[in-house]
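Q: need coordinates for the below:
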Amino acid sequence: MSKITITVNGNQVEIEENSTINDFINERKVTGKMFAVEKNLEIINKDRYSTEIIKQGDNIEIVGFFGGG
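A: All right, here's what the predicted structure looks like:
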């Protein structure tokens, strides 16, 4: 398989071509239930993580939410 380059939280990252958001999250060991994924300025619903393909040049933002006071 070939690699593509994307931007994740402002950093250039190489991933396998045809990876889904779910593949990326699992590969990077993103854990917890309180995070959101944005792809090219669109928030992606969790039910699309396993079908949303990441393409060359995509800009991904992963944002975690934390409670406290």
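Q: residues of stretch 37-57 that come out buried?
A: For stretch 37-57, the neighbour count (16 or more other C-beta atoms under 10 Å) marks 37, 39, 44, 49, 52, 54 as buried. To be clear about C-beta, it is placed using only N, CA and C from the backbone, and glycine gets the same treatment.
Q: which of those residues sits closest to residue 66?
A: residue 37 (16.5 Å; C-beta to C-beta).
Q: pretty sure the closest one contacts residue 21?
A: Yes - using C-beta atoms under 8 Å, residue 37 makes contact with residue 21 at a distance of 5.7 Å.
Q: overlap of the contact sets of those two?
A: 44, 49, 60 (C-beta atoms under 8 Å, 6 or more residues apart in numbering).
Q: how about the helices of the protein, start to end?
A: Remark: helices assigned in the chain by DSSP state H are 21-27.
Q: beta partners for residue 60?
A: residue 8, residue 39 (DSSP bridges).
Q: where does the chain have low pLDDT?
A: Along the chain, the parts satisfying pLDDT under 70 run over 67-69.
Q: turn the shared contacts of residue 37 and residue 21 into CSV, columns for distance to residue 17.
A: Below are the shared contacts of residue 37 and residue 21 laid out as CSV (distance: C-beta to C-beta, whole Å):
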residue, distance to residue 17
44, 19
49, 18
60, 15
